[in-house]
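Asker: attaching a predicted model along with its sequence, questions to come.
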Amino acid sequence: MTRAESYGVLTKLEHLIDEYYDAYSVDPKRTAVIKTQIKQLVKEANLEADLQGSVKDIDELLVKLDGYLCELKEAQIRDGLHILGKVPEGDQLTDLLVALHRVPVSGRLGITQAIAKDLSLSFDPLNCDYQSAFVTAGQHDLFASCRINGDVIEVLEVQAKKIITALQNNIDIDNSFTHTKELCTFVAEDTFPKVRSTTEEIFNLLQGMNGLYVPSGSSGAPTRGRLDVLPTGRNFYSVDVRAIPTQTAYNLGVKSANLIIDRYMQEHGDYPESIGLSVWGTSTMRTGGDDIAQALALMGVKPVWQTANRRVSDFEIIPLILLRRPRVDVMLRISGFFRDAFPDVISLFNAAVEKMALLDEPAEQNPIRKRFLKEKQEWQSKGLHEEKAHKRALFRVFGSKPGAYGAGLQAVIDEKNWQSKEDLAKVYINWSGYAYGADRIGESAHEVFEKRLSDIQIVMHNQDNREHDILDSDDYYQFQGGMANAVQSVKGEQPSIYFGDHARPENPKVKSLKEELLKVYRSRVINPKWIEGVKRHGYKGAFEMAATMDYLFAYDATTDLVDDFMYEGITKEYLFNEENRQFIEQVNPWALRDMTERMLEAIQRGMWKEPGQETLERLQQLFVDHE
């Protein structure tokens, strides 16, 4: 893991903003020239899409832009790939150690928090607004040029790297830095030895293949505060399925549920009634059930935990007078692994849904009850027995059929076996329309599933860590993009598509999917730092570049959220950059052919709307050369 840092036009903009504020009080006339240059660069980089504003209102944009550039710089990306059994070296090791201690661990402050406290800063670097003006209780030369919190965070990150480098070289930390010194002692005595034990991965693999004992260890995301996962190379064990969701997960679920409701109200002026949420087994294992906790919190349900073992024994309904808002009807699209690993959690959720449906509450305050009563009557009018109609009207958990996994879209998109978005919607619905009720048996319920989709206002997906992103895997677009496309196909309009960032449990964030796509595009996809990182891995590095391009395309196929400039940018960096193109051609010519073909497909399908004649001809020539 490493910081994205700045590059290209983003660096130019950063320097121009610094120059603007320097000139503001000394030479006001020069600011007009600088403003014009900033406007031009913002248009050139298509940053208006990220900032959701026009360059005409430059004063407002300057504030947003300053904070956003800092946010992009501090984004966590991968610096290459892990090699089994190999300990990171040099800057990679230093950056990894910083990343592992960015959030609080074992009751200790995060590394930037510790440095901030030792320097008497008056804000929390892990929980602040990047674009807010920097105000500090103490004075220090380090921050002399800092205008906003984002600038301070960058300084703290640089100091963190220097401190960890000093630690690796056995250089003592200043005794006045009491919090930082305490953390560094922990890094030296605990984390560093564990990271150096990465070599055990090969040894333990061979032990296991020889039928010998392999040590056990817990599972989770190390960058999310789970340093007990280290050292790697052990047989990992998961969570107690009867303790899902944990109390910690529920606290995060309540925060993120409130953020979703607040965001929707700001955009639509009313409370949301229905949400479609993807729930994965792997993230449930890592987090203790953040997603299911969020779903319960949205409905106004709180788990009841046993005192002794913290297992979930029951749930309680939060009265409307205490909830202070209407309940939200939540539909879950579960992964196949979640279905297999967490049947008790499915039963808990279904029990909560049924209890909600039978509550004597006003329909406008309880959409679950409103839909249940309406649909039960509809099913009965179609000739279904009351018991069967009752059961169908309660279906809220859907997934692929028993024994199947995924959402079915990857093969269709890979093989180009689709003509329209409706084709993709049909595939998603056919794969996902199996209901899992109290009996835990996947029942074919495609008609009910389509009815659920037609009511959905928000499509939600959460990510629990920054060790990967939404353009690293086909699962993200298949589950979230697939659901969003199916809702649009059935309902006739696109739902609000939100992304939940739970990488820092104490400070979850909810953004639009478009905002997250733009952030990943700028911080990783076209970032020379990431590209150079994967190039160290030859064939596999070229594959990573090709996969990123594929997933960007697939997100556009399912959500229409990829702009032309994103296609242009990725094509320019991967295929038209002579150095990068030659690298791919040398180590993985098949990837180069596939990437060229994928961009031509985007043009042919009208997804890349205006590629420019020269771009089209260069792509066609590349395809011919490598066919």
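Answerer: Now that the structure is in, tell me what you want to look at.
Asker: drop to CA atoms for contacts and neighbour counts, all remaining ones
Answerer: Will do.
Asker: so who does the residue nearest to the spatial centre of the chain touch?
Answerer: Geometric centre of the chain, nearest residue: Q463, 3.9 Å, by CA atoms, centre = their mean. Applying CA atoms under 8 Å, 6 or more residues apart in numbering to Q463 gives the contacts 283, 499-503.
Asker: next one: I261
Answerer: 271-272.
Asker: so how far is the helix or strand containing A591 from its chain's centroid?
Answerer: Per DSSP states H and E: A591 is located in helix 589-604. The chain centroid and the centroid of helix 589-604 are separated by 26 Å, computed with CA atoms, centre = their mean, to the nearest Å.
Asker: contact partners of it?
Answerer: 542-543, 546, 549-550, 553, 567, 571, 575, 581, 584-585, 608-611, 616, 619-620, 622-623, 626-627.
Asker: got it, and stretch 104-112?
Answerer: Stretch 104-112 is contacted from outside by 98, 101-103, 125-126, 153, 156-157, 160, 179-180, 183, 225-227, using CA under 8 Å, 6+ apart.
Asker: how about that stretch: buried residues?
Answerer: For stretch 104-112, the buried set under the neighbour-count rule, 16 or more other CA atoms under 10 Å, comprises 104-105, 108-112.
Asker: of all those residues, which two lie farthest apart?
Answerer: V105 and T112 (12.4 Å; CA to CA).
Asker: shaky segments in the stretch 151-300 of the chain?
Answerer: Scanning the stretch 151-300 of the chain for pLDDT under 70 picks out no residues.
Asker: residue contacts, the residue in the chain sticking out farthest from the centre?
Answerer: The C-alpha centroid of the chain is most remote from G383, which lies 44.3 Å away (CA atoms, centre = their mean). Contacts for G383 (CA under 8 Å, 6+ apart) come out as none.
Asker: and what about it, helix, strand or coil?
Answerer: coil (DSSP: H, G, I helix; E, B strand; the rest coil).
Asker: quick check: pLDDT value at the residue nearest to N485 when sequence neighbours are not counted.
Answerer: Leaving aside its sequence neighbours, N485 sits nearest to T558 (CA to CA, 6 or more residues apart in numbering; 5.2 Å). We note a pLDDT of 97 for T558 in this prediction.
Asker: what about T558, neighbour count?
Answerer: Using other CA atoms under 10 Å, T558 has 24 neighbouring residues.
Asker: got it, and the one 10 residues further on?
Answerer: Per other CA under 10 Å, the neighbour tally for E568 reads 17.
Asker: which strand or helix spans it?
Answerer: E568 belongs to helix 564-571, assigned by DSSP H and E.
Asker: same check on D314?
Answerer: Going by DSSP H and E, D314 is in strand 312-317.
Asker: next step: the contacts of helix 589-604 restricted to helices.
Answerer: Of the contacts of helix 589-604, the ones assigned to helices by DSSP state H are 542-543, 546, 549-550, 553, 567, 571, 581, 584-585, 616, 619-620, 622-623.
Asker: of those residues, which is the most crowded?
Answerer: Neighbour max across these (other CA under 10 Å) = A542, 28 neighbours.
Asker: leaving out chain neighbours, which residue sits closest to it?
Answerer: I584 is the one closest to A542 (CA to CA, 6+ apart), at 5.5 Å.
Asker: could you pull up the residues touching the one you found?
Answerer: 539, 542, 591-592.
Asker: which of the residues you listed are buried?
Answerer: By 16+ other CA under 10 Å, the contacts of I584 give 539, 542, 591-592 as buried.
Asker: so which of these would you say is closest to D141?
Answerer: For those, the nearest to D141 is A542 (43.8 Å; CA to CA).
Asker: follow-up on the earlier one: convert the helix or strand following the strand holding D314 to PDB, retaining C-alpha atoms only.
Answerer: For strand 312-317, the following helix or strand on the C-terminal side (DSSP H and E) is helix 320-323. Only the C-alpha atoms of helix 320-323 are listed here, as PDB (Å, rounded to 0.1, in the frame of the first residue of the first chain):
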ATOM      1  CA  LEU A 320     -40.700   5.200  15.600                       C
ATOM      2  CA  ILE A 321     -40.700   7.900  18.300                       C
ATOM      3  CA  LEU A 322     -37.100   7.000  19.100                       C
ATOM      4  CA  LEU A 323     -36.100   6.300  15.500                       C
END
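Asker: about what we covered before: got a list of contacts for the helix holding E568?
Answerer: 46, 521, 525-526, 549, 599, 608-611.
Asker: tilt between it and helix 589-604?
Answerer: Inter-element angle recorded for helix 564-571 and helix 589-604: 160 degrees (by axes from the mean of the first three to the mean of the last three CA atoms, to 10 degrees).
Asker: what mean pLDDT does helix 564-571 get?
Answerer: pLDDT averaged over helix 564-571 gives 98.
Asker: same deal with stretch 35-43?
Answerer: Stretch 35-43 comes out at a mean pLDDT of 91.
Asker: from the middle of its chain, how far away would it be?
Answerer: That offset, for stretch 35-43, works out to 30 Å (CA atoms, centre = their mean).
Asker: buried ones in that stretch?
Answerer: Under 16+ other CA under 10 Å, the buried positions of stretch 35-43 are 35, 38-39, 41-42.
Asker: from the residues you listed, which land in strands?
Answerer: Assignment to strands by DSSP state E places none of these there.
Asker: dump these to CSV, plus distance to E14.
Answerer: Formatted as CSV, the buried residues of stretch 35-43 follow (distance: CA to CA, whole Å):
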residue, distance to E14
K35, 13
I38, 9
K39, 13
L41, 11
V42, 11
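Asker: outside of stretch 493-505, which residues touch it?
Answerer: Applying CA under 8 Å, 6+ apart, the set of residues contacting stretch 493-505 is 103, 224, 252, 256, 260, 456-466, 484-485, 487-488, 508-513, 516.
Asker: switch to 7 Å and redo it
Answerer: Stretch 493-505 has contacts (CA atoms under 7 Å, 6 or more residues apart in numbering) with 224, 252, 456-466, 484, 487-488, 508-513.
Asker: with stretch 281-299 instead?
Answerer: So stretch 281-299 is contacted by 219-221, 238-239, 244-246, 249-250, 252-254, 256-257, 279, 302, 327-330, 335, 337-338, 341, 464 (CA under 7 Å, 6+ apart).
Asker: which residue ranges of the protein form strands?
Answerer: Counting by DSSP E, the strands of the chain are 2-3, 76-77, 216-218, 235-237, 274-279, 301-305, 312-317, 329-334, 397-399, 434-436, 442-444, 458-463, 496-501, 509-512.
Asker: could you check the pLDDT of S54?
Answerer: S54 is assigned 67 on the pLDDT scale.
Asker: could you do A137 as well?
Answerer: Confidence for A137, expressed as pLDDT, is 50.
Asker: next: D439.
Answerer: D439 is given a pLDDT of 72.
Asker: and which of the buried residues of stretch 104-112 is nearest P319?
Answerer: The closest of the buried residues of stretch 104-112, once distances to P319 are taken by CA to CA, is P104, at 34.3 Å.
Asker: what's the neighbour count on D50?
Answerer: 17.
Asker: surely it and E516 touch.
Answerer: No - counting by CA atoms under 7 Å, D50 does not reach E516; the two are 9.4 Å apart.
Asker: who's in contact with M549?
Answerer: M595.
Asker: distance of it from E568?
Answerer: The gap separating M549 from E568 is 11 Å, by CA to CA, to the nearest Å.
Asker: cool, and R598?
Answerer: Distance from R598 to E568, by CA to CA: 13 Å.
Asker: low-confidence stretches in the stretch 301-450 of the chain?
Answerer: Using pLDDT under 70, the stretch 301-450 of the chain drops low at 440.
Asker: quick one: list the elements packing against the strand holding D314.
Answerer: strand 301-305 (3 or more CA pairs under 7 Å, 6 or more residues apart in numbering; DSSP states H and E).
Asker: how far does the strand it packs on sit from its chain's centre?
Answerer: With CA atoms, centre = their mean, you get 26 Å for strand 301-305.
Asker: packing partners of that strand?
Answerer: strand 312-317.
Asker: run me through the strand neighbours of the strand it packs on, direction for each.
Answerer: Applying DSSP bridges, strand 312-317 is found paired with strand 301-305 (antiparallel).
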